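Pasted the sequence and its predicted model underneath.
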Amino acid sequence: MGSSNKHGILRPLLLLLPLLACALVLSYTQEWQQQQPLDVAPPPQCDISAGSWVYDRSYPLYRASDCPLVEQGFRCQDNGRPDSSYTKWRWKPSQCHIPSFHAARMLQLLRGRRIAFVGDSMGRTQWESLVCMLLTAVADKSSVWEVNNRTITKREPYLAFHFAMHKVTVEYHRSPFLVQESPPPKHAPRRVRSILRLDQLEASRTRWADADVLVFNSGHWWNPSKTRQVGCYFYVGNTLRLGMKLEAAYQAALNTWARWVDSLVDTNKTRVLFRSLEPSHWDWPRKRCSFQRQPNASSLAAPSSIPQLALNRILHRVVQGMNKSVGVLNITTLSHSRSDAHVGRWSPGQPPLDCSHWCLPGVPDTWNQLLYATLLSNKNNRVATSSN
């Protein structure tokens, strides 16, 4: 009888042992994760652009109301958007971990240096996003100012915010095509109102040539509505190329940019990145934005349907043929699944539907998180490894 009671008491305890073991392992794992450094970079072989969107209640990384620098056109909630769910999605690579964005660490990485975004209005959105993200680590907001006391507008060719405590300058240089736009040559047909000199880089290059980090983008303006339909044609050498295809012109422009980097940029000092094209979600047959309420997982699974991939392939070919080390920040596919996060009709006044630009906070913050991870992984560059 005593033996039977003894086994009866032990049996429940034995059943509990596996559960106790699992609890201990889970507790140890959580403690280990909490002890991991904030800036563990992903391994170089990891494709951080492949993954999925995960709903995260701790997002967004900042609020537009806390960042007065965001231009009114990107403040979707201030402009009447009733929901905030589009701000709650975090990008999670499928092959590795990327560090959470740490504004203080990013400022430390860039201490005493310049980071310049060169490109179109999408580059300006990413620039505004980064300024707002970095501001979250600055207690005294008066120590951050626009160097020329200018207001952020789409017409400003040059904007820059200086973070005085860290001596960091975050710049934006407007250059939608990266190459020089000029008046038409003499005796050009009347339909030619301007030209793109595909063999001459943008004249403002002297302003950003010696930045410590250069982030380029171009592609949004490489379409008929921004070129031929408004009388803008291509020019190479002394020849007007009226019939030149957009893809060929884009490649010629990127080749000009690549030659400039290869010949004049010291990549031992300057980290050079080119961000891939950002997708639009304009539904041409229905003439409306193709909006969804949340990230579209099917577009991640079938990226071949993205129109911008043709220009992306040109970008990758050009970069692969360069002599200098240049990185490509791939954001096209992950952004293609986020039709929920465009400005749409939530902008001041009554402008046309905007299926190209993004609300802030929003998707451009993820581009900057990938930028942060990329700079951390660049262990051979002093920008990424400085401890000053």
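Arrived safely, thanks for sending.

contacts, neighbours, all on C-alpha from now
OK.

mind listing what Gln180 touches?
If a contact means CA atoms under 8 Å, 6 or more residues apart in numbering, then Gln180 has Leu196, Arg197, Leu198, Gln200, Leu201, Glu202, Ala203 as its contacts.

Now pLDDT and neighbour count too, for those residues, in CSV please.
Output for the contacts of Gln180, formatted as CSV (pLDDT from 0 to 100; neighbours: other CA atoms under 10 Å):
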residue, pLDDT, neighbour count
Leu196, 98, 26
Arg197, 98, 26
Leu198, 98, 25
Gln200, 97, 18
Leu201, 97, 23
Glu202, 94, 19
Ala203, 92, 12
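
Out of these, the closest to Asp56 would be?
Proximity to Asp56 was ranked across these by CA to CA; first place goes to Glu202, at 40.7 Å.

Distance of that closest one relative to Trp145?
If you measure Glu202 against Trp145 using CA to CA, to the nearest Å, the figure is 26 Å.

List the residues that contact Ser58.
Contacts of Ser58 (CA under 8 Å, 6+ apart): Lys88.

From Ser85, how far off is it?
For Ser58, the distance to Ser85 - CA to CA - is 12 Å.

And for Glu171?
In terms of CA to CA, Glu171 sits 30 Å off from Ser85.

Looking at these two, which has the bigger crowd around it?
Neighbours per residue (other CA atoms under 10 Å) separate Glu171 from Ser85, with Glu171 holding more: 25 against 17.

And the pLDDT for that one?
If you check Glu171, the pLDDT there is 98.

what's the answer for Arg345, then?
Arg345 is given a pLDDT of 89.

Could you tell me which residues make contact with the residue nearest to it when sequence neighbours are not counted?
Ranked by CA to CA, 6 or more residues apart in numbering and with sequence neighbours excluded, the top spatial neighbour of Arg345 is Leu353, at 5.1 Å. Going by CA under 8 Å, 6+ apart, Leu353 touches Arg288, Cys289, Val343, Gly344, Arg345.

now with 10 Å?
Trp282, Lys287, Arg288, Cys289, His342, Val343, Gly344, Arg345, Trp346, Ser347 (CA atoms under 10 Å, 6 or more residues apart in numbering).

Closest one of those residues to Pro42?
The closest of the contacts of Leu353, once distances to Pro42 are taken by CA to CA, is His342, at 28.7 Å.

Pull the number of nearby residues for Ala310.
Here the number of neighbours of Ala310 (other CA under 10 Å) works out to 12.

cool, and Arg259?
17.

wait, what's in contact with it?
Neighbouring residues of Arg259 by CA under 10 Å, 6+ apart: Asp199, Leu201, Val265, Val318, Met322, Asn323, Lys324.

mind giving me CSV with the residues you listed and columns for distance to His187 and secondary structure?
Converted to CSV, the contacts of Arg259 look like this (distance: CA to CA, whole Å; DSSP: H, G, I helix; E, B strand; the rest coil):
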residue, distance to His187, secondary structure
Asp199, 21, strand
Leu201, 24, strand
Val265, 37, coil
Val318, 34, helix
Met322, 37, coil
Asn323, 39, coil
Lys324, 40, coil
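
Can you report phi and psi for Phe161?
phi -110, psi 130 (degrees, to the nearest 10).

The residue lying closest to it once chain neighbours are set aside and Glu156, how far apart?
Nearest residue to Phe161 in three dimensions, chain neighbours excluded: Glu146, at 4.3 Å (CA to CA, 6+ apart). Per CA to CA, Glu146 is found 12 Å from Glu156.

quick one on the thing from earlier: filter the contacts of Gln180 down to the ones in strands?
Leu196, Arg197, Leu198, Gln200, Leu201 (DSSP state E).

Export those residues to a markdown table and append columns for distance to Ala253.
A markdown table is the format used below for the ones in strands among the contacts of Gln180 (distance: CA to CA, whole Å):
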| residue | distance to Ala253 |
| --- | --- |
| Leu196 | 9 |
| Arg197 | 8 |
| Leu198 | 5 |
| Gln200 | 8 |
| Leu201 | 8 |
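
Where does pLDDT dip in this structure?
1-39, 284-287, 299-305, 307, 379-388 (pLDDT under 70).

one step back: which two from the contacts of Leu353 end up farthest apart in space?
Taking CA to CA as the measure, those span a maximum distance of 18.3 Å, between Lys287 and Ser347.

who has more neighbours, the two?
For Lys287 and Ser347, the more surrounded residue by other CA under 10 Å is Ser347, and the numbers stand at 22 against 9.

next one: phi and psi at that one?
Dihedral angles for Ser347 - degrees, to the nearest 10 - are phi -140, psi 160.

likewise Val54?
Dihedral angles for Val54 - degrees, to the nearest 10 - are phi -120, psi 130.

Check the one 10 residues further on too.
The phi and psi values for Ala64, taken as degrees, to the nearest 10, are phi -60, psi -30.

Spit out the contact partners of it.
70-72, 74-78, 129, 132, 359-361.

separation between it and Ser129?
Applying CA to CA, the value for Ala64 to Ser129 is 10 Å.

Give me the common contacts of those two.
When contacts are counted by CA under 10 Å, 6+ apart, Ala64 and Ser129 have Val70, Cys359, Leu360, Pro361 as shared neighbours.

which residues of the stretch 101-250 of the chain fall in strands?
114-119, 144-146, 158-163, 168-174, 179-182, 194-201, 213-216, 232-236, 239-241 (DSSP state E, counting those that start in this stretch).

Which other helices and strands does the longest one contact?
Contacts defined by 3 or more CA pairs under 10 Å, 6 or more residues apart in numbering; DSSP states H and E place strand 194-201 against strand 179-182, strand 232-236, strand 239-241, helix 246-264.

Pick the most buried one from those.
When the helices and strands packed on strand 194-201 are scored by mean count of other CA atoms under 10 Å, the highest mean neighbour count falls to strand 232-236 (a mean of 23).
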